[in-house]
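> Structure of the sequence below:
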Amino acid sequence: MRRKLQRLFKGELSSNERKSLVSWLFLAPSLLGVMLFFVAPFGVVIYYSLINNPIQKNFVGFANYINVWNNGAFKLAGINTFKFSLVAVPLAVLLSLFLAAVMEARIPFKSYFRSFFLSPLMVPTASVVLIWQVMFHYNGLINNFTAVFGADKVDWLKSDKAQVVIIALFLWKNLGYNMILFMSALASIPKELLEVASLENASKFQVFWLIKVRYMSSSILFVTIMSLINSFKVFREIYLMTGDYPVDSLYMLQHFMNNTFASLDYQKLSAAAIIMFIVVTGLVYIMYAVENYYGKDVEG
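As a prediction, this is how the structure comes out:
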């Protein structure tokens, strides 16, 4: 690199070499930031996961991973997070895709519906938590409404129905953003294909499934990954409503991470983070493989 810089100042580089070097020079600040704030801390996490503690620093191999994997709190948090993501993420994708298809049609008051679904994005998290507490408190609006029909009161956030409440919160917050992404993807589908399908008397289902969904495969992948990431962020709302130790059905991986960090158990925290990273990376790889198989003829 130093020799190339000297040759650049002397004007001895070819046009392609000059363009390549200038590109790397522009990329250098970003690469430095990634190395400093992402790669280096990740290396530290790997290091901590392989030692007994930050003071003695004795190498213990995979002992921390085994201890974390056999930890009851980690298992509970992992199962709850898996259940939540397994239900919430597909619902977020499918419902937002349905809403985008409905918004694409010529329906009255379309702009008002769009604004309604986007409004949760403008509501601060603290306000969202307050709204949900007012609705699902033991003496909240939902219980007062159901009491009219003779139903018993339920402490929603401390019952086996707590995760249903959080799934509803997750969908309410994320459907609007996903819907806009899908509407943009639908608008980019070549009109010629839709016209040919119409001339061939294709049904609406065939047009939607065989043309629109295939051309939207990359957008569906992006929305799925973003929804998966956002499913982990729901910890904020759960924490603000229930604290460090919620009911068992709401104890998520982020609770385990947060509580482990508070106890300064860095080796356990690091091992749990690496396990979580491996699982999420595997899921994303599978989604990329499915999208690549399903949309390869469209992209090619």
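
> How about the contacts made by L186?
A100, A101, E104, K212, M216 (C-beta atoms under 8 Å, 6 or more residues apart in numbering). Glycine gets a C-beta too; all of them are placed from N, C-alpha and C.

> tell me, how many neighbours does K212 end up with?
20 (other C-beta atoms under 10 Å).

> my read: it touches S188, true?
No - using C-beta atoms under 8 Å, K212 is not in contact with S188, being 10.6 Å away.

> State the distance from the nearest residue to L50 once chain neighbours are set aside to A77.
Among residues not flanking L50 along the chain, F59 sits closest, at 6.0 Å (C-beta to C-beta, 6 or more residues apart in numbering). F59 sits 27 Å away from A77, going by C-beta to C-beta, to the nearest Å.

> for L181, same thing?
From L181 across to A77, the span is 30 Å (C-beta to C-beta).

> Just want to know which of the two has more residues nearby.
Neighbour count, other C-beta under 10 Å: between L181 and A77, A77 has more, with 22 against 18.

> Name the nearest residue to that one, sequence neighbours excluded.
Nearest residue to A77, sequence neighbours excluded (C-beta to C-beta, 6+ apart): F256, at 4.1 Å.

> Please identify the helix or strand for that neighbour.
Element membership for F256 (DSSP states H and E) is helix 253-262.

> Tell me which helix or strand comes right after the helix or strand that contains F84.
F84 is part of helix 72-104 when elements are defined by DSSP H and E. Counting by DSSP H and E, the next helix or strand C-terminal to helix 72-104 is helix 110-118.

> List the buried residues of that next one.
In terms of neighbour count (16 or more other C-beta atoms under 10 Å), helix 110-118 has its buried residues at R114, F117.

> Report the backbone C-alpha coordinates of that helix in CSV.
This file holds the C-alpha atoms of helix 110-118, laid out as CSV (Å, rounded to 0.1, in the frame of the first residue of the first chain):
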residue,chain,number,x,y,z
LYS,A,110,-56.3,4.3,1.3
SER,A,111,-54.1,7.2,2.6
TYR,A,112,-55.8,7.2,5.9
PHE,A,113,-55.3,3.4,6.4
ARG,A,114,-51.6,3.8,5.4
SER,A,115,-51.2,6.6,8.0
PHE,A,116,-53.0,4.5,10.6
PHE,A,117,-50.6,1.6,10.2
LEU,A,118,-47.6,3.9,10.2
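
> angle of that helix against helix 72-104?
Compare the direction of helix 110-118 with that of helix 72-104 by axes from the mean of the first three to the mean of the last three C-alpha atoms, to 10 degrees and you get 170 degrees.
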